[in-house]
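# have a look at this fold, sequence not included:
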């Protein structure tokens, strides 16, 4: 097989400086990136250069992440780190719309829905609810069996949430307690 001379050739953002090593039949080359990275030379296999699997020192991926993120964001709450308010909105959508979500049976499975204004617009949700205060979560109130919509939602403390919890959870807890107590009574007898 004829050896390909790659010194001086440019592949995407990488320019081959010289051949480096041959490991397991794969020739590696020292390359320099167009971005002028301070890390110096980058070692890349010839096949990765020729196929385009390696196109830069990593700077190309970083630039893509930044530009894609900026192109996709409109409110600044979802990228690069989701805010507490955005997570609350996203979680609300999951438990009401995603049948595979762990709590779907307690929300969407019971018919709890999200108003059209909030369903596909975080901006509308944010305008109506404001930023989520620290230590609080989204609560349906005053109608705990009502939908997620303006006028039936608030930011609530854990104590307020517990007071507004659906009674099915309390019933399950009491049944579990009764079974435990009955089982202990049977052991004593």
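Sure thing, it's come through. Given the structure is predicted, the values throughout are model-derived calculations rather than measurements.
# tally up the residues packed near residue 35, please.
14 (other Cβ atoms under 10 Å). C-beta here means a position set from N, CA and C on the backbone, and glycine is covered the same way.
# residues contacting it?
For residue 35, the contact set (Cβ atoms under 8 Å, 6 or more residues apart in numbering) comprises 13, 56-57, 59.
# out of those, which are buried?
Using 16 or more other Cβ atoms under 10 Å as the burial test, those include 13, 56-57 as buried.
# of all these, which comes closest to residue 116?
Closest approach between those and residue 116, by Cβ to Cβ: residue 56, at 44.1 Å.
# okay, residue 5: pLDDT?
For residue 5, the model assigns a pLDDT of 82.
# what about it, is that helix, strand or coil?
coil (DSSP: H, G, I helix; E, B strand; the rest coil).
# what average pLDDT does stretch 46-62 get?
Stretch 46-62 carries an average pLDDT of 88.
# what lies in contact with it?
4, 6, 11-14, 16, 26-29, 31, 33-35, 37, 39, 42, 44-45.
# one more pass at 10 Å, please.
Residues outside stretch 46-62 that contact it (Cβ atoms under 10 Å, 6 or more residues apart in numbering): 3-4, 6, 9-14, 16, 19, 22, 26-29, 31-37, 39-45, 63.
# the closest residue to residue 147 other than its chain neighbours: what's it in contact with?
Spatial nearest neighbour of residue 147, excluding adjacent residues (Cβ to Cβ, 6 or more residues apart in numbering): residue 113 at 4.7 Å. Applying Cβ under 10 Å, 6+ apart, we find residue 113 in contact with 96-97, 107, 119, 146-149.
# where does pLDDT dip in this structure?
1-2, 38-39, 66-81, 166-189 (pLDDT under 70).
# got the buried residues for the strand ranked longest in the chain?
Longest strand of the chain, by residue count under DSSP state E: strand 14-23. The neighbour-count check on strand 14-23 (16+ other Cβ under 10 Å) flags 14-16, 20 as buried.
# the domain parsing of the protein - what is it?
10-63, 84-172 (automatic domain parsing).
# and the contacts of residue 113, which two are the farthest apart?
97 and 146 (16.7 Å).
# three-state assignment of residue 91?
Using three-state DSSP, the structure places residue 91 in helix.
# tell me the bridge partners for residue 139.
Per DSSP bridges, residues listed as beta-bridge partners of residue 139: residue 154.
# okay, now it: neighbour count?
Residue 139 has 19 neighbours, counted by other Cβ under 10 Å.
# dump the residue contacts of it.
Residue 139 neighbours (Cβ under 10 Å, 6+ apart): 148, 152-158, 160-161, 163-165.
# quick one on the thing from earlier: in helices, which of the contacts of stretch 46-62 fall?
residue 63 (DSSP state H).
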